[in-house]
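Q: return atomic coordinates for the entry below.
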Amino acid sequence: MITVGTIVMGAADVRRAAEFWTRALDYVPRDGVVEDDWVVLVPAHGPGPGLSLGLSVTPVQEHPRVHLDLYARDAAEQTAEVERLVSLGAERVDWDSYPDDADFIVLADTEGNRFCVIDTAHD
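A: This next block holds a predicted model:
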């Protein structure tokens with residue numbers, strides 16, 4: 001049986017993206033090295049999904065079909081995490097598809113890749 005090894009995202013500046021995601025997720029380079037064109041990041045402590053960053057010259061999708069969802073325990077943690085991620089270089093996205101009672105906040109990483117911070121306690 002196959003399993004998910006890593007989630008892959010494109011980056012115009014792999015080193016900048018790696019710096020953001022290692023700090024955002026407490027990940028480390030799997031092989032201890034960040035190349036100019038590729039890196040695989042893994043959790044610093046324990047198991048979890050890997051995040052691969054590969055050099056890409058294609059434009060960022062405004063409404064990506066695939067993205068990361070980062071889970072927060074509740075609304076307070078969601079707010080704190082959004083602020084922490086923004087302080088690391090993420091940007092808030094003026095998302096035009098929020099439902100009336102959204103449990104998620106859309107951000108973009110330093111490369112413009114969209115991701116969500118989810119309040120998992122939201123009813």
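Q: list the contacts of whichever helix or strand residue 18 is part of.
A: Here residue 18, judged by DSSP states H and E, is contained in helix 14-25. Here helix 14-25 makes contact (CB atoms under 8 Å, 6 or more residues apart in numbering) with 9, 11, 27-29, 34-39, 41, 43, 51, 53-55, 70, 84-85, 88-90, 109-111, 113. Yep, even glycine has a C-beta here, placed from its N, CA and C like the rest.
Q: how about 6 Å then?
A: 11, 34, 39, 41, 51, 53, 55, 85, 88-89, 109-111 (CB atoms under 6 Å, 6 or more residues apart in numbering).
Q: for stretch 30-40, same thing?
A: Where contact means CB under 6 Å, 6+ apart, the residues beyond stretch 30-40 that reach it are 6, 14, 15, 18, 29, 42, 50, 52, 53, 54, 55.
Q: if you set the cut-off to 8 Å instead, what comes out?
A: 6, 14-15, 18, 29, 41-42, 50-55.
Q: max pairwise distance over those: which two?
A: For the contacts of stretch 30-40, the maximum inter-member distance is 19.3 Å, found between 42 and 55 (CB to CB).
Q: between those two, who's got more neighbours?
A: residue 42 (18 against 15; other CB atoms under 10 Å).
Q: please tell me I have it right and the more buried one contacts residue 26.
A: No. Residue 42 lies out of contact with residue 26 (CB atoms under 8 Å); the separation is 10.5 Å.
Q: give the burial count for residue 106, as a bare number.
A: 19.
Q: for it, phi and psi?
A: Torsion angles at residue 106 (phi, psi; degrees, to the nearest 10) stand at phi -90, psi 130.
Q: that concludes my questions; thank you for your assistance.
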